[in-house]
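Visitor: everything below, folded, please.
(chains A, B, C and D, ligands or ions: 4)
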Amino acid sequence: MANQTYSLAEDKETLLEMYREMLLARRVDERMWLLNRSGSIPFVVSCQGQEVMQVAAAFALNKEEDYVLPYYRDLGVIIHFGMTTRELFLQAYAKAEDPNSGGRQMPGHFGKKKSRIVTGSSPVTTQVPHATGFALAAKMEKKPTVAFVTLGEGSSNQGDFHEGLNFAGVHKLPVITMVENNQYAISVPVNKQVACDNIADRAIGYGMKGVKVDGNDPIAVYEAVKDAHNRAVNGEGPTLIEAVSYRLTPHSSDDDDMTYRTKDEVTSEKEKDGLEQFKKFLFEKGYLTEEINNELEATIKQEINEATDYAENAPYAEVSTIADHVYGEKGDQ
Amino acid sequence: MANQTYSLAEDKETLLEMYREMLLARRVDERMWLLNRSGSIPFVVSCQGQEVMQVAAAFALNKEEDYVLPYYRDLGVIIHFGMTTRELFLQAYAKAEDPNSGGRQMPGHFGKKKSRIVTGSSPVTTQVPHATGFALAAKMEKKPTVAFVTLGEGSSNQGDFHEGLNFAGVHKLPVITMVENNQYAISVPVNKQVACDNIADRAIGYGMKGVKVDGNDPIAVYEAVKDAHNRAVNGEGPTLIEAVSYRLTPHSSDDDDMTYRTKDEVTSEKEKDGLEQFKKFLFEKGYLTEEINNELEATIKQEINEATDYAENAPYAEVSTIADHVYGEKGDQ
Amino acid sequence: MAVLTYIQAVNQALKEEMEKDEKVFVLGEDVGKRGGVFLATAGLYEQFGEERVMDTPLAESAIAGVGIGAAMYGMRPVAEMQFADFIMPAVNQIISEAARIRYRSNNDWNSPITIRAPYGGGVHGALYHSQSIEAIFANQPGLKVVMPSSPYDVKGLLKAAIRDDDPVLFLEHKKAYRLLKEEVPEEDYVLPIGKANTVRDGDDVTVITYGLCVHFAKQAAEKLEQEGINTEILDLRTVYPLDKEAIIKAASKTGKVLLVTEDNKEGSIIGEVAAIISENCMFDLDAPIRRLAGPDVPAMPYAPTLEKEFMMNPEKIEQAIRDLAEF
Amino acid sequence: MAVLTYIQAVNQALKEEMEKDEKVFVLGEDVGKRGGVFLATAGLYEQFGEERVMDTPLAESAIAGVGIGAAMYGMRPVAEMQFADFIMPAVNQIISEAARIRYRSNNDWNSPITIRAPYGGGVHGALYHSQSIEAIFANQPGLKVVMPSSPYDVKGLLKAAIRDDDPVLFLEHKKAYRLLKEEVPEEDYVLPIGKANTVRDGDDVTVITYGLCVHFAKQAAEKLEQEGINTEILDLRTVYPLDKEAIIKAASKTGKVLLVTEDNKEGSIIGEVAAIISENCMFDLDAPIRRLAGPDVPAMPYAPTLEKEFMMNPEKIEQAIRDLAEF
Ligand SMILES: Cc1ncc(C[n+]2csc(CCOP(=O)(O)OP(=O)(O)O)c2C)c(N)n1
Ligand SMILES: Cc1ncc(C[n+]2csc(CCOP(=O)(O)OP(=O)(O)O)c2C)c(N)n1
Ligand SMILES: [Mg+2]
Ligand SMILES: [Mg+2]
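Guide: Ligands and ions are numbered 1, 2, ... in the order given. Next up, the predicted model:
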């Protein structure tokens, strides 16, 4: 853990809340794999290995003013912004009550206006220009709003990354783009996705600040995002942040990662798991004890059990609703 | 003129041939404006202000092995690669004999397989991934071929620029991308197109070498391209070159640049005209004399007169050919 | 009432909507000082300033994508594609995003963006400045595609598009910009998106078309009237989703249907119009449905001879109507 | 003859063409070690090496655009779009470039690229892993769009596509990948692009369809045979440009036409099929043309109930044929 002067390292309450959200994300994700393997849900795409950067980044944002445009792994981001455990299982089970899409989209396609989470799709990187658009609108409306958008390192090769960041740079817009570099794009390692040493090196081409951080270090991530947030609200423009960790699971429940990487590689990376490191750090600091941790685990487990039961028993959308909301009607926004 | 150790500065023959091609490009372009203003041709898009970088770059390439993927202003590039003056007027007049498109495309949409000039379209920047494809194919075929592609600075904001250069970087392909920075994209000045100080700064994001040169300095441009060419054929991968000059004409014959820039700005930029500078340099060097120059101008004028007459009197494509070559037929390639 | 050209009607609709609602703003290439390459936004930069009349970097996917983001936030962006031909890099943002945002979020989010683009030929634009692109988009639920045929319609439909809570692709025929003039009311009015418009009554032959071809069809119909052939003309106005009722009614009325488009024939939107008719009122027809369209070549060539051969015109339509009348 | 699944036929065609012609190479996302997310390229990386089975960066416009460049050079690239839904960023390269290169250069250049993409639903893929995308492209002269309905057709048509001197968009139904199996000859053969195929003879009702729906139509036809209803089935095979002759012949034969697609109804390619029939053999029809298609919603939802409601199936087709037979 990089040694820090900033008080967050001393802020027990915040650190413990961060840990709780990371742990919740991890446990929710693990449960979904169980449900998938037991045949209850057809698909899961994971946050495992990225919870630390996601939650730490979200903590540096303003839940009342900012908008987040997450990608499919961002359980940590959306949990912090207000997606409930129950809602997460409702979307996993594709039930009518799911606030993300009413069961219309696959799991991992988040969106909930009430929580300032912008609806996302499957084609990667389309959210990057959207984030620029939110930032542009906020600037026009003179709001202290920042748009926070995430994507994977492979997705940073899409044209929309280039076009969206360039637009934000030219107009000095309050956008924070965080590339979650987990070192794989499905089977393709980062060195076959990009030839640059750092994704953050792309920032200079857009006239914006680029920062690379250890994604397993919550304090480093928090401070990088906080700094970017300050500059954004002060009209100093956008920032590109690259947070590096490792994808601990296969790409999704449809993937077999042993066809392109070794068990040894994965095991040795597991040892660097940011969540475990953070837990150790909290123990060392004396902020976390076995007792608190067990209690935390127990509460989370119960929360997940209840959410699973609720979602499992919730109804699907009526077949008669299939044609609803193609276009707006009187009374919609 | 940056003082140079490289012998090109002493290579009278080559320098004079370069000058001839630059002058030819300029005079052809000027004639097209006359023809447009007198109503003989509906459209012209200009090379004026960019002939120096275009011809100098083309001289650093290998006409027998390389492919060029020019954009609409590249008269200098294609003249060097073998587009004749007659062919240039045939395309301006959209006559059947035009090798670029048989009169199907607007002027400035170059292509001639025999001269290794790859067909181009109007949507900007699509040629960048094509160049990467030519380089990939050449590498697979173990040919010493380099793909040379050009575009404007505004066009460097298209997604295809990002995707094409990244692909070339990852696979270390023999591509040279030269951004002809003439400081305007129609009415939009470069500072509203990009927030970076140099387009060349984008190279690092693709793990390739980036070079910025004075586009009015033929020796500097020649050496930058030559160096990139050497590295390309030695398997050292792609290069991004930014060559800076100024667009001396309106964007095209349909544009009125006085709606967005001042006469003073244009006049003061005209004084830096690379062609004039190069001419002065050649006079100083004693390579060029009034006599040689007048003779050159006279020959070019006659060549242009003949080409204009020929093209003007040449037939349009038969109406019956409109549906030809939508798809290939037996006997085509 | 003042006489406005088609492009002046575009300009006036934008001006009035921007005055009326400060959430409306324009973004695109050269829309600022330059006023747009066709002057659609002339004077707006001076009146509303740089922030609401925004020159963007040269990147269509960003023009659409940034607009979609601003629209989701609550703004009313009007994005300009300099030429319809250059909308291609933005297809992913328009189809995958704008058209699906409301449906995929189960009505939680929406994206009220208007995307304007000049389409069509007859202006020496060659392959890439002449294309009809509606067929690419006229199969995407969630999107609306509007193609006005006159200055009056432009003003009323563009205002409706900007106020629409869903994404609208607004395609303006660039040859119509200066060719078409008519009286346009000063006052504010909107025309309904999704409804076709009968622009001429007749009982011999029904012509169903849209955009500039409506003008050509009218010219043809006037000439034929002297021969005693009375032509009904239905202007689709919105080419997606189509006004099925109006199409069925117009086709049934005369029993002889001519469908006209400037687009290539195969796969054009008039194929869908023919399908609707053949499903719903085939037995009311006295002649096979006739389609008049451009040849199936990529787009119109630059050479004037070839361009003329490709383009729709009143003579081609007149002949086709006569043939049908005599059937 | 070995029994192959639809995906095995794809794999075998690729393998044989790569063995036969070293200018053929594959590029796309995860096509290398991973063998493609559907295993279309399984074993090819091991057999032909990294250079000819190339994992590209995650960028579809580059996959298409680099492929087009290589094709212009003289190679025979086979580009894979991981899902048809993700072809959208490549639309500019496919439509503005691949489809126009031969025409715009007056036959000086051509671009023999094959672009493979898995389309279609019924696999819990939801809005963005289930779409039918053919309508977006089936209006672009210069491009060919092929949609095989069986393992036998896959092998013969994919080989033909790779050898074709023009760009071919090759759309494979991802639900068919493992669902459809049949005997496929070991030896080399090609099937003609641009020609439809009569897969069943009958004289009561004609079904015209393509892709996976051909399989559903066959199942429906077999059941109906027991009721004494004989169904003619025409498999379009190539949906652009269409085989007009075959369509006219098949429609005229029975006089009762059912057009089937999994795509949304309005703007789908069966609209063009209906238009061809209504122009050319309307008076041979004994019943209105009937179209059976998906609902006009952006794409199929994830919830199994809604997905089932959207998807085409044999029961829907059976009912529609019966209705027509009884008309
Ligand atoms: C435009 C597009 N192309 C392809 C895909 C299929 N796909 C889904 S995730 C993925 C890999 C993404 O890798 P990365 O950006 O590194 O994110 P990660 O999954 O590693 O977090 C691919 C190719 C897609 N969703 N969108
Ligand atoms: C994709 C696309 N969008 C818009 C246009 C219209 N257009 C033609 S040239 C041009 C400006 C290009 O500027 P730049 O790249 O700097 O090249 P320059 O003309 O200055 O040499 C524009 C916007 C186009 N041709 N293609
Ligand atoms: Mg990744
Ligand atoms: Mg420029």
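
Visitor: and the one helix or strand residue C:322 maps to, what's buried?
Guide: Assigned by DSSP states H and E, residue C:322 belongs to helix C:314-326. Under the neighbour-count criterion of 16 or more other C-beta atoms under 10 Å in any protein chain shown, helix C:314-326 has C:314, C:316, C:317, C:318, C:320, C:321, C:322, C:324, C:325 buried. Where C-beta positions appear, they are placed from N, C-alpha and C, glycine not excepted.

Visitor: show me what it is packed against.
Guide: Using 3 or more C-beta pairs under 8 Å, 6 or more residues apart in numbering or on different chains; DSSP states H and E as the contact definition, the elements that helix C:314-326 packs against are strand C:205-209, helix C:212-226, strand C:257-264, strand C:290-294.

Visitor: which parts of the chain are strands?
Guide: As the question left the chain open, I've gone with chain A. With DSSP state E, the ranges of strands along chain A come out as A:67-69, A:147-152, A:175-181, A:184-185, A:188-189, A:209-214, A:239-244.

Visitor: oops, chain C please
Guide: Under the criterion DSSP E, strands of chain C are mapped to C:2-5, C:24-28, C:53-55, C:76-80, C:114-119, C:144-146, C:168-173, C:181-184, C:197-200, C:205-209, C:231-235, C:238-240, C:257-264, C:290-294.

Visitor: compute the inter-axis angle for the longest one and strand C:114-119.
Guide: With axes from the mean of the first three to the mean of the last three C-alpha atoms, to 10 degrees applied, the angle from strand C:257-264 to strand C:114-119 works out at 90 degrees.

Visitor: re the thing from before, next, format the strands of chain A as CSV and append mean pLDDT, distance to residue B:140 and mean neighbour count.
Guide: Output for the strands of chain A, formatted as CSV (pLDDT from 0 to 100; distance: least, C-beta to C-beta, whole Å; neighbours: other C-beta atoms under 10 Å in any protein chain shown):
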stretch, mean pLDDT, distance to residue B:140, mean neighbour count
strand A:67-69, 98, 39, 28
strand A:147-152, 98, 29, 29
strand A:175-181, 98, 30, 29
strand A:184-185, 98, 23, 24
strand A:188-189, 98, 20, 18
strand A:209-214, 98, 34, 20
strand A:239-244, 98, 32, 26
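
Visitor: CSV please, covering these and showing distance to ligand 1.
Guide: Below are the strands of chain A laid out as CSV (distance: least, C-beta to the nearest ligand atom, whole Å):
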stretch, distance to ligand 1
strand A:67-69, 14
strand A:147-152, 2
strand A:175-181, 6
strand A:184-185, 3
strand A:188-189, 8
strand A:209-214, 16
strand A:239-244, 11
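
Visitor: may I see those organised as JSON lines, with distance to ligand 3 added?
Guide: Output for the strands of chain A, formatted as JSON lines (distance: least, C-beta to the ion, whole Å):
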{"stretch": "strand A:67-69", "distance to ligand 3": "17"}
{"stretch": "strand A:147-152", "distance to ligand 3": "4"}
{"stretch": "strand A:175-181", "distance to ligand 3": "6"}
{"stretch": "strand A:184-185", "distance to ligand 3": "5"}
{"stretch": "strand A:188-189", "distance to ligand 3": "9"}
{"stretch": "strand A:209-214", "distance to ligand 3": "15"}
{"stretch": "strand A:239-244", "distance to ligand 3": "10"}
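
Visitor: if we can go back for a sec, packed most tightly, which of the helices and strands packed on helix C:314-326 would that be?
Guide: Sort these by mean neighbour count, taking mean count of other C-beta atoms under 10 Å in any protein chain shown, and strand C:205-209 sits at the top with a mean of 29.

Visitor: quick check: angle from it to helix C:212-226?
Guide: Using the same axes, to 10 degrees, the inter-axis angle of strand C:205-209 relative to helix C:212-226 is 160 degrees.
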